[in-house]
Each structure stands twice: as structure tokens, then as C-alpha cells.
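A.B. asks: sequence first, then the predicted structure, then my questions.
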Amino acid sequence: MPAESGSNRRPETGAFFQRDRTWHPPALTPNYKTSILRSPQKALVAFDNTLSETSGPVFGHAMLGELDADLIHNFARPGESALGERIIVYGRVLDERGAGVPGVLLEFWQANAGGRYRHKKDGYLAPLDPNFGGCGRAITGEDGGYAFRTVKPGPYPWPNGPNDWRPSHIHFSVFGHGFAQRLITQMYFEGDPLIWHCPIARGIPDKAAVETLIAALDMQATIPFDARAYKFDIVLRGRRSSLFENRLEGN
Amino acid sequence: MVQSLDRLKESPSQTAGPYVHIGLTPNFCGIGGVYATDLGATMVNDKTKGERIGLRIRVLDGTGTTLKDALIEIWQADADGLYNSPAEMRGAADPNFLGWGRCPTDMETGLCTFETIKPGRVPFRDGRLMAPHITLWIVARGINLGLHTRLYFSDEEKANAEDPILARIEHRVRVPTLIAERKGDTYVFDVHLQGEKETVFFDS
């Protein structure tokens, strides 16, 4: 398993910027009830990154299958396709310095067009779509860009309050270059009124931070008579550059 | 006004939710045929260097109940203490060991098992050696931002005693929360999210 970076850049080895934990949802968000018993209560122990945090595995494009980024077809029977509003989701993975991050493994999962997950724990009334599995993955290119095709997931009710509904969303797992960049988040859709009712989205204290998770409808990236497009950029922790250390990197 | 630093803000985290398996371990939850195997399910092969060990990890909530919908990823050095990563500048790691694994907790028992090797020692920022350890990243429904902790080994008492990260823990009574107990070839590690035995989690 030789490391395949998919990039000609010099590897970066600097420590990551301190995480702004006021920008993330706190561990305890009581309106999202499950967090109450699953949130650490003691102070986190802080330390500057060691090699265990600045390093991380590399996933090469070779691991990808032909349909990995096509959720409309990757679970469908031959000649068939998933039901729902056809969309393209595209964007870039950047770091906090604004640079595109190549070679990032993105894994996505979502409910089907009716708001039902293909999972034995999901008992929502909406039917499963025999042609929709709900998972896909991609690896970012040299400029940090990625794209995949899917159907727009439906909103669904969930057992939290007596009548809580999740807005339409796609889960993203993001694997950057350092293990300390590891991130899972969710993408929401422009114009969805349920976002502002959602205890999970509203666990993020700053409205401006929530807005960074709302993908914009991009009519210029649509495929006429086929699919609309949503643009979703993701930002990972940036690395400190070491201008005045031994190596010149990241500048 | 001053000039802008032109920095972006990290995307805020959101919970992995109860259906994390669909995205990260689809074969585990019955979605077959999309990926040949689940990523991170196998860490070692016949040629991997080092002592074979097993990890048996559980994650427990504030009532002591075992989570059955969590997912754990681990990241570790090879037997010589080298990471299989472009950020590793000290030499080439074992090509038969990526050092990364992913395991969902069993839906019935909550148990998470890894078959791996015992890692070598990795230097701290100042060159002192850290004790052998494995980095854990834990996500689940109800966890808003992935939790970062480390697993150290009970049979490395001397190395643990001089580990610079363990040394940072002010409340010494909490250090054992990071030390996995050796039983045969297996290390047993319980992660307590809350309570008296709350595991030390890191901000790094």
C-alpha cells in the first residue's frame, strides 16, 4: 500500500490551527435529546498537535468504482434508476487558508426521496426505493473539487420532540490529510424552511455558521432537462505554515 | 479597520446520526454491491510486521449503557513507530500496514473489535518518545463533534510514565481512563462519555 497522494505538492507537516469550538455545536445541546447522556462534561485536555494528529492515511483514486459518485445508479437494477428529483452536488474542499485540498475522501449518505433510509433502524412510513441505496463517495481533485449525482432526499420525522422533522440533508464524512482534520457534517438545501426548526442544525450557536452548511442552488451548473445543481463547499482546519522553522511549506 | 486575514472558518460539525453505517460501512448494514468491502475493515495482512493484537472497545453513555450505534476509527503508527502518511518525514512505514481502521459497534452487543498490531513509539514535538498509543475518533447519534482520545497499553508502564501527553493530565486519577487492559493478546478499552469514569478527551 504505497502512499498515493494524487498530488504533486510537497507534503505538509505543520500543526493545524486551533479548532474554534464556539463555531461548532457544543457537546451538550439539550434540545437534541440524545446529546444529553452522550456529551462529555469534563474539560477537554488540550495539546498542540503531535505527529499522531498531523499525519493521516491517504486514499487513492484507484479505490473508487465507476458508479461510486452516482447514487442514482449505484444501487439500481440494470436499466433502472432511483426515484426523485435528480440533482448534482458539487463544490470544493478548502482549508482555512482558502487553499483547495486535493485527495480528500468524501463519503456521503442520505435518505431517499421520500425521507426513508435503507437501514433496519428506520421505520418511517415512507417506502424504500428498490433502486436507491443511499451511499456514495468521491475523492477531490487537484483543486479540491468534487461532484456527485443523486436524488434530493426528503425530510422526515424523527423521535426527539413529539413532532420534530429533519430538513432535507446529505451527510458528509470528510477525510483530509491529517487525522485532526477528520470531520462529519451535513449539507442542507437552500430555501428549506425546516432548517430553522431543526434541533440538530440549531445546535450550532451562530446562524452564520449554520448558513455555511446550506448549499446554494446553482442554475448555471444544471444539466437542462436532466438535473439541477447545488454547490456545497467544505472547509477543513488549516495548517500552520512554518516560514521561520526548518521547512518552507504551505506558502 | 485593519486588513483582513482572509481566513475561512472550518465547516461546523453535525452529528453522524443513527444511520452512519449507510455511508461508512454499507456492507455492515446490509447495503451490498455498492462497494466491494467496507473501508478500514481489515488492517493487517500476512506480511504486516509487528505483534498481532486485538482491541475490544465499548462506548458507554452517562447511564453506563453501551452504545450500539457508534462508529470508531483508529489511527496508529507501524511496529517501528512510523506513520504511513505523507506527513511522516522520518522514513517509509511498513507498506503492508496503513495504520487506519474503522469499526461500527455491534448492533446487539455494542462491541467494537479491531485486529491490528502493537504500534511502536512516536516522538513528541520536542523529540522525546511518546508511549505506544492509538488515536481514536468516535462518532455517533447524539455526539455533535467527533471525539478524540487515545488508547495506551497496560503493559507499557514505564513508557506510559514518561509520556508527555499523559503527563499533561492534571487530575491523575483520570489517567487510567486512557489505558487499555491486556487480556491475552487482546486489549480491553471502555470509553465512558460521562460520569465519574469519564474518559479523557482531547482538544488538539
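C.D. replies: That came through, no problem.
A.B. asks: from now on I want contacts and neighbour counts done on CA atoms only, so please keep to that.
C.D. replies: Fine.
A.B. asks: ok, which stretches of the stretch 1-150 of chain A are strands?
C.D. replies: A:45-46, A:86-95, A:105-109, A:135-139, A:145-151 (DSSP state E, counting those that start in this stretch).
A.B. asks: same question for chain B.
C.D. replies: B:52-60, B:70-75, B:100-104, B:112-117, B:133-140, B:147-153, B:179-183, B:186-192, B:202-203 (DSSP state E).
A.B. asks: nearest to chain A, out of those?
C.D. replies: Counting by C-alpha to the nearest C-alpha, chain A lies closest to strand B:202-203 out of these; the figure is 4.5 Å.
A.B. asks: show me what the closest one is packed up against.
C.D. replies: strand A:45-46, strand B:147-153 (3 or more C-alpha pairs under 8 Å, 6 or more residues apart in numbering or on different chains; DSSP states H and E).
A.B. asks: could you spell out the sheet neighbours of that strand, each with its direction?
C.D. replies: strand A:45-46 (parallel) (DSSP bridges).
A.B. asks: mean confidence for the strand it pairs with?
C.D. replies: The average pLDDT within strand A:45-46 is 98.
A.B. asks: report pLDDT for the residue nearest the centre of chain B.
C.D. replies: Ranked by distance to the mean C-alpha position of chain B (C-alpha atoms, centre = their mean), the top residue is residue B:136 at 1.8 Å. Here, the pLDDT recorded for residue B:136 equals 98.
A.B. asks: could you pull up the residues touching it?
C.D. replies: B:72-75, B:147-151 (C-alpha atoms under 8 Å, 6 or more residues apart in numbering or on different chains).
A.B. asks: once you drop chain neighbours, what's closest to the residue sitting nearest the centre point of chain A?
C.D. replies: Centroid-nearest residue in chain A: residue A:172, 2.3 Å away (criterion: C-alpha atoms, centre = their mean). Residue nearest to residue A:172 in three dimensions, not counting chain neighbours: residue A:108, with 4.7 Å by C-alpha to C-alpha, 6 or more residues apart in numbering or on different chains.
A.B. asks: run through the bridge partners of that neighbour.
C.D. replies: Applying DSSP bridges, one finds that residue A:108 bridges with residue A:136, residue A:172.
A.B. asks: and it, how many neighbours?
C.D. replies: Using other C-alpha atoms under 10 Å in any protein chain shown, residue A:108 is surrounded by 25 other residues.
A.B. asks: residue B:193 too?
C.D. replies: 25.
A.B. asks: for it, give me its contacts.
C.D. replies: A:37-40, B:59-62, B:199.
A.B. asks: give me that answer again for 6 Å
C.D. replies: A:38, A:40, B:61 (C-alpha atoms under 6 Å, 6 or more residues apart in numbering or on different chains).
A.B. asks: which one among those gets closest to residue A:159?
C.D. replies: Nearest to residue A:159 among the contacts of residue B:193: residue A:38, at 16.6 Å, using C-alpha to C-alpha.
A.B. asks: which residues touch the residue lying closest to that closest one once chain neighbours are set aside?
C.D. replies: Using C-alpha to C-alpha, 6+ apart and skipping residues adjacent in sequence, the residue nearest residue A:38 is residue B:61, 5.3 Å away. Counting by C-alpha under 6 Å, 6+ apart, residue B:61 touches A:37-38, B:193.
A.B. asks: can you check residue A:94 too?
C.D. replies: Contacts of residue A:94 (C-alpha under 6 Å, 6+ apart): A:100-101, A:235.
A.B. asks: I'd like these as CSV, with distance to residue A:31, pLDDT and neighbour count appended.
C.D. replies: Below are the contacts of residue A:94 laid out as CSV (distance: C-alpha to C-alpha, whole Å; pLDDT from 0 to 100; neighbours: other C-alpha atoms under 10 Å in any protein chain shown):
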residue, distance to residue A:31, pLDDT, neighbour count
A:100, 35, 97, 21
A:101, 35, 97, 23
A:235, 26, 98, 24
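A.B. asks: can you map out the helices along the chain?
C.D. replies: Using chain A. Assignment of helices within chain A using DSSP state H yields the ranges A:51-54, A:207-211.
A.B. asks: I was after chain B.
C.D. replies: Counting by DSSP H, the helices of chain B are B:20-24, B:157-161.
A.B. asks: show me what from chain B comes close to chain A.
C.D. replies: With C-alpha under 6 Å from any C-alpha of the partner chain as the criterion, chain B comes near chain A at residues B:7-14, B:23, B:34, B:61-62, B:85-87, B:95, B:124-125, B:142, B:144, B:193-194, B:201-204.
A.B. asks: I'd say residue A:180 and residue A:53 touch.
C.D. replies: Yes: counting by C-alpha atoms under 6 Å, residue A:180 does reach residue A:53; the two are 5.0 Å apart.
A.B. asks: ok, those two, which is more surrounded?
C.D. replies: Neighbours per residue, other C-alpha under 10 Å: of residue A:180 and residue A:53, the larger number sits with residue A:180, 26 against 21.
A.B. asks: gap between the more buried one and residue A:168?
C.D. replies: Residue A:180 sits 28 Å away from residue A:168, going by C-alpha to C-alpha, to the nearest Å.
A.B. asks: how about the strands of chain B, which one is nearest residue A:59?
C.D. replies: Across the strands of chain B, closest to residue A:59 is strand B:100-104 (C-alpha to C-alpha), at 10.8 Å.
A.B. asks: please name every helix or strand in contact with the closest one.
C.D. replies: strand B:70-75 (3 or more C-alpha pairs under 6 Å, 6 or more residues apart in numbering or on different chains; DSSP states H and E).
A.B. asks: could you check the angle strand B:52-60 makes with the strand it packs on?
C.D. replies: 140 degrees (axes from the mean of the first three to the mean of the last three C-alpha atoms, to 10 degrees).
A.B. asks: just the buried residues of strand B:70-75, please?
C.D. replies: By neighbour count on 16 or more other C-alpha atoms under 10 Å in any protein chain shown, the buried set for strand B:70-75 is B:70-75.
A.B. asks: stretch B:52-70 now?
C.D. replies: B:53-62, B:66-70.
A.B. asks: could you identify the pair within the residues you listed that is furthest apart?
C.D. replies: B:53 and B:62 (29.1 Å).
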